Structures are given as structure tokens and as C-alpha cells.
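Novice: got a sequence here, can you build the structure:
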Amino acid sequence: MRDKTMTADEMVSRLESGMTLGIGGWGSRRKPMALVRALLRSAVTDLTVVSYGGPDVGMLAAAGRIRRLVTAFVTLDSIPLEPHYRAAREHGALELTEVDEAMFMWGLRAAAHRMPFLPVRAGLGSDVMRVNPGLRTVTSPYEDGETFVAMPALRLDAALVHVGRADRRGNGQYLGPDPYFDDLFCEAADAAYVSCERIVDTAELTKEAAPQTLLIKRHTVTGVIEAPRGAHFTSCAPDYGRDEAFQREYARLPWAEFAGRFLEGEGEQGYRAAVRAWRGERS
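Specialist: Numbers count the residues shown, from 1 in each chain. Purely as a prediction, here's the structure:
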């Protein structure tokens, strides 16, 4: 079985402008931020982004990389509304398709099963149908005759996710309390790239954790990127929690100042050095 390891920059070299890109995690939890930062260092733009949004969406929106966003929310969790996303929306910088959380999940599941849509009760009787006039309903062909929303498949050109551990073949393991649907993002995509805190031998994956933690299967994965603290400043339980102080700084600073201070430089080394310097300034 082949070794799928690569660098974040090698991953980005496989992406193209205009793609539909799924980003795993949830709000400000276990987001593949090292991969997002690599994407921001590239010229890739005009993206359709599919995400339970957090700072991944905020950064890409602030940098002008998103043409259309498909989401159920964009939040920093402890800060309810992602401020850079809000600014982009207020300036009309991107198109928005906003659906219910369950509808979003069902759209990923439809894509994972290569179905054009799946029926779901969520969304009926809500403004989701009003603000998305393209949505259709279907009626059960059985005697119940129930009406459902026909949630379209959220098919992805590529997916980016972050997990705690992975092997070189692409098996990915989460060790925190929630999988955040990262497996569906990988299954819904033509190519899936998994960053992880640490690459380990396959046998190590189940030495200290149950087999059920092997969320992501190798056959759905195109590339594996070792990225220690690669979800920073979001959380990656149990390895580390959300960096609340840094998140407040991110939310406080205008985008140009934040990008200039923390995103310019030599890739992840430059980012980590900038964060260390910021911590020293505060101590």
C-alpha cells in the first residue's frame, strides 16, 4: 500500500481556482488551519467553500478567495459570529447558501453515496425554503405520502480535514469527543487531504484507542500531511484546547494587520514564530 504523505504546499499545488472545497471540523474546533494557511499562501481563488464554518471561512473570505459559501453557520464558538466572515457578508463579497445543520449533513451523505439528493425533514416550515428558492420537495411514493426536502448532494472537488493521528496510508483517527462529520467530507470528495498531529504506524492507531476512533478510511484519502498543532488556534482534543487569547486577537485585528503579522513569512515556521513572538510580547 502506497505512502500518501506530502507537505501542505504539495497539497495546495493540486488545487485549482474555481474548485468546490469542503473543509472539515466544526466552528472553531479541529479545523485544518495549517492547510488553510497554506491555501492562503497560494494564488488559488474563486472557490465554492462547503463548511460548518469557523476561522477557515473567516480567513478565506477576508482574503477574497471565496466566490460562494455553503454553510449552516460561521462561528468561533466562544465568539458567536465570526467577525471577518461578517465583514465580508456586509460588503457583499461572496454568495451565500445557508441551510439547516441536518440538511448540510444530508447533502454530504448524498454526495458520499453518489446520490443526486436525499430526502430530509429538516428545513420544512422554516425560512430555509424561502431563502433558497432552488430547493425542491419530494413526496414519499408509499402510503404515508409524507413530504420531504430533497437536499441536493454537496459534491466536492477536494476536502481538507484535520485529525489527531493518521498513518501513511491515509487511515485517520480522532481522539476527541466528536467526529464532526470529517469522514463524510472525505467520502463526498474527489480528493481528500488529511492533516494530523502525528503520523504513526498503523498498528499504533488501536494500541491506546478503540477501533471506532478510526474515523477516516484510507481508500477515501489522497494525501496525508503531518502538522503538529495544525488546528491552531482552534481546538484538537485531547491534544490541546482552543487558544482563546489568540482567537480574541484574531477577532480584534483588522484582516490586513492580522495577515501581515501572522500569515506572512516562511510557511508554518513563520506562523509559529509569529505566534511565539506574540506570546513573548504579552508575557
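
Novice: make it CA atoms for all contacts and neighbour counts henceforth
Specialist: OK.

Novice: select the longest helix from the protein.
Specialist: In the chain, with assignment by DSSP state H, the single longest helix is helix 267-282.

Novice: hey, where'd the helices end up in the protein?
Specialist: 8-12, 33-40, 55-62, 83-90, 101-112, 127-131, 182-187, 244-252, 255-262, 267-282.

Novice: just those: most buried one?
Specialist: Stretch with highest mean neighbour count among the helices of the chain: helix 182-187 (a mean of 27; mean count of other CA atoms under 10 Å).

Novice: helices or strands up against the longest helix of the chain?
Specialist: Using 3 or more CA pairs under 8 Å, 6 or more residues apart in numbering; DSSP states H and E as the contact test, the elements touching helix 267-282 are helix 33-40, helix 255-262.

Novice: extract the C-alpha set from the first one and format it as CSV.
Specialist: Included here for helix 33-40 are C-alpha records, laid out as CSV according to Å, rounded to 0.1, in the frame of the first residue of the first chain:
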residue,chain,number,x,y,z
MET,A,33,-5.8,25.5,9.9
ALA,A,34,-2.3,24.6,8.7
LEU,A,35,-3.8,23.6,5.3
VAL,A,36,-5.9,26.7,5.2
ARG,A,37,-2.8,28.9,5.8
ALA,A,38,-1.0,27.0,3.0
LEU,A,39,-4.0,27.7,0.8
LEU,A,40,-3.8,31.4,1.7
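
Novice: what's in contact with that helix?
Specialist: 8-9, 12, 56, 60, 63, 160, 195, 227, 230-234, 263, 267-268 (CA atoms under 8 Å, 6 or more residues apart in numbering).

Novice: show residues contacting the longest helix of the chain.
Specialist: By CA under 8 Å, 6+ apart, helix 267-282 touches 34, 37-38, 41, 261-265.

Novice: just put the residues you listed in TSV and tack on pLDDT and distance to Ala210.
Specialist: TSV is the format used below for the contacts of helix 267-282 (pLDDT from 0 to 100; distance: CA to CA, whole Å):
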residue	pLDDT	distance to Ala210
Ala34	98	27
Arg37	98	32
Ala38	97	32
Arg41	96	37
Arg261	94	41
Phe262	96	37
Leu263	94	37
Glu264	86	40
Gly265	81	40
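
Novice: of those, closest to Gly241?
Specialist: Ala34 (15.9 Å; CA to CA).

Novice: so where's this structure uncertain?
Specialist: Residues of the chain meeting the criterion pLDDT under 70: 281-283.

Novice: try it again at 80.
Specialist: Within the chain, the segments meeting pLDDT under 80 span 1, 281-283.

Novice: give me the distance between the two termini of stretch 196-205.
Specialist: Terminal residues of stretch 196-205 lie 13 Å apart, using CA to CA, to the nearest Å.
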